[in-house]
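> requesting a structural model of the entry that follows:
(one chain, ligands or ions: 2)
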Amino acid sequence: MPFLCNLYQLLRERFLADPDAPWLLLPDGRELSYTQADAASARYAGALQHLGVTAGERVLAQVDKSPEALILYLAVLRLGAAYVPLNTAYTAAEVAYFLEDARPVLFVARAGNQDEFAAAAESVAAKLVTLDSAGAGTLPELARATEAVVEIAAVGADAIAAIVYTSGTTGRAKGAMLSHANLASNALTLQTLWGFRADDVLLHALPVYHVHGLFVAVHCAMLAGSPMLFLSKFDALEVLAQLGKATVMMGVPTFYTRLLELADFDRTACARMRLFISGSAPLRTETWQAFFERTGHQILERYGMSEAGMITSNPLAGERLPGSVGFALPGVTVRVSGEDHQPLPAGEIGMLELTGPNVFKGYWQMPDKTAAEFSDDGFFVSGDLAVMDQSGRVRIVGRDKDLVISGGLNVYPREIEQAIDALPGVLESAVIGVPHADLGEGLVAVICAPAETAPDEASVINALKVTLAGFKIPRRVFRVDALPRNTMGKVQKNVLRETYAGAFTD
Ligand code: MCA
Ligand code: AMP
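Ligands and ions are numbered 1, 2, ... in the order given. This next block holds a predicted model:
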């Protein structure tokens, strides 16, 4: 069924079935109802409109997780503008790139950071307002002083609701444009598939600047009109303390390995829970098994990416298998193909490709890159290597793209290598991901530099921290005289991954 209205309209129609139901439950005991969410988003929409935000324009936001951060997102949807969330770990240098690329009319920064960004915002004629973790700042002040915008902008099915930046193999981040229809179709499918109901309570400990925490989690809860137990970040002890009030949790595998480290995390702690969902990175079979033995719960693993939201999922009712990401979502077609984009027989490893109403509208202002990632018959090429069995069950077995996923966050080695190569004394470098008990993969940099001039590990790390977000900083740096290369001259990262496999585990 074609979707021809604003995503916010859809959410609102659903959650207003019980307007007084709680929307957010905060750890300090405060509660916000769905009616309050709706009214607050209208007030924020008033402030945004006053600042010049109109349908089709972009609002860039680097804000801490708070109820107001979600209200900002809902207000942007309400106006038919596009929300562009940024990881709070990004440095000023990284944010300057996003400002330049996204060309927003408005940049919402954390209070205290605004001076750092003033010049960059001004250079692209973006207005700058602030919002801090306690919900204070110049944006909420303005929202109190301006008239609310109650109407919800009517938008076409292809109107862009959000642009989510994902790094690229060239080292330059690309903005994946997601339409209202993309987000709505995925949300409706997941709410049904995972059985979200008004009496669920979603424990929300994910960040709200990525698809997982912002779209998958928030949309499922809001469509069902269920409350979110809204934690400012993942802290295993805090999650354990709150778990008795929740029925569903979504997390990256690191959440689950950290919970398993707590002796008190057991069946009793999970007594009210009906579902644990994992994604964003591979969940190790040992983790799945240990979790099952400890809690009696089979973690439901699903697979997705920024460009398409969720793509496959293990079933709620059927068999959930460790090491498998389940089946294509209803309405989504997944195939495992060879280099010619032709489907391979069941059981063979190939490229996972997909098509469906969830697939994005392209990379912001990069038509060539967009075209390069689609087959002639319109399938999006994921870059993930997979195998599918006769029944359509999918396993992700590797990546064709040079990507490391650390604690659920993506790092494209090229970007880090470019920064390392620019350091004095370094000839070239290779960045790889190797097994890390906590993060899944940990970053290792191998630098090729003469022993006499090579910077030591600490100076490489400190130099990178100036411009790159913390999660992109290699945790170990090794020096070599030469990087291993194949006959074509290409650096053999598989050889490096073997050599340094024990960097974090030995
Ligand atoms: C923080 N640090 C990290 C990471 N996070 N290092 C490597 N990998 C990370 N993921 C570093 C910080 O820079 C800092 O370094 C130190 O660790 C402590 O920082 P802190 O913020 O206290 O870390 P934490 O609270 O322990 O965070 C780890 C975390 C967090 C809980 C795993 O990264 C997290 O919430 N990850 C979830 C990410 C997510 O939502 N991904 C979904 C993407 P220093 O001490 O040197 O300063 S969406 C997606 O992938 C698709 C669509 C999908 O399928 O879902
Ligand atoms: P992002 O670019 O942040 O959207 O990350 C998407 C990537 O995360 C995918 O292309 C996969 O490589 C990876 N990913 C997400 N979920 C899973 C999963 N359940 N198992 C393995 N990899 C996953």
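
> please give me every residue in contact with the closest residue to ligand 2 within the stretch 101-250 of the chain.
Nearest residue of the stretch 101-250 of the chain to ligand 2 (CB to the nearest ligand atom) works out as residue 166 at 4.2 Å. Just so you know, the C-beta spots here come from the backbone N, C-alpha and C atoms, and that holds for glycine as well. Residues in contact with residue 166, defined by CB atoms under 8 Å, 6 or more residues apart in numbering, are 173-174, 176, 305-307, 410.

> up against ligand 1, what does the protein have?
Neighbours of ligand 1 within the chain, by CB under 6 Å from any ligand atom: 89, 206-207, 210-213, 233-234, 252, 254, 279-280, 304-306, 406-409, 439, 470-471.

> just the residues you listed that are near ligand 2?
Applying CB under 6 Å from any ligand atom to these, those adjacent to ligand 2 are 211, 279-280, 304-306.

> right, and the helix or strand after the lowest-mean-pLDDT helix or strand in the chain?
Lowest mean confidence among the helices and strands of the chain (mean pLDDT, DSSP states H and E): helix 114-123, at a mean of 89. Heading C-terminal from helix 114-123, the first helix or strand you meet, by DSSP states H and E, is strand 127-130.

> tell me the angle the helix or strand just after that following strand makes with helix 114-123.
Moving toward the C-terminus from strand 127-130, the next helix or strand (DSSP H and E) is helix 138-145. For helix 138-145 against helix 114-123, the angle by axes from the mean of the first three to the mean of the last three CA atoms, to 10 degrees is 80 degrees.

> buried residues in helix 138-145?
Within helix 138-145, the residues that count as buried by 16 or more other CB atoms under 10 Å are 138-140, 142-143.

> apart from its neighbours in sequence, what residue is nearest residue 5?
residue 154 (6.6 Å; CB to CB, 6 or more residues apart in numbering).

> quick check, the one you found in contact with residue 8.
No: counting by CB atoms under 8 Å, residue 154 does not reach residue 8; the two are 11.1 Å apart.

> give me the outermost residue of this protein relative to its centroid.
Computed with CA atoms, centre = their mean, the residue of the chain farthest from its C-alpha average is residue 452, at 41.4 Å.

> pretty sure it belongs to a strand, no?
No: applying DSSP: H, G, I helix; E, B strand; the rest coil, one finds residue 452 to be coil, outside a strand.

> give me the local confidence score for the residue of the stretch 101-250 of the chain closest to ligand 2.
pLDDT for residue 166: 92.

> still on that earlier bit, gap between the residue farthest from the centre of the chain and ligand 2?
40 Å (CB to the nearest ligand atom, to the nearest Å).

> residue 382 too?
From residue 382 across to ligand 2, the span is 6 Å (CB to the nearest ligand atom).

> and residue 339, by the same measure?
18 Å.

> what do you get for residue 350?
15 Å.

> what's the neighbour count on that residue?
21 (other CB atoms under 10 Å).

> for it, grab phi and psi.
As for residue 350, its main-chain torsions (degrees, to the nearest 10) stand at phi -160, psi -170.

> what residues are up against residue 337?
Residue 337 neighbours (CB under 8 Å, 6+ apart): 343-344, 350-351, 353, 375, 379.

> please redo it, this time with the cut-off set to 10 Å
343-344, 348, 350-353, 375, 379, 381, 386 (CB atoms under 10 Å, 6 or more residues apart in numbering).

> re the thing from before, am I right that the residue farthest from the centre of the chain is in contact with residue 481?
No: using CB atoms under 10 Å, residue 452 is not in contact with residue 481, being 11.8 Å away.

> spell out the secondary structure type for residue 183.
helix.

> quick one: contacts for it?
3, 7, 10-11, 77, 161-162, 211, 214-216, 219, 309, 358, 360.
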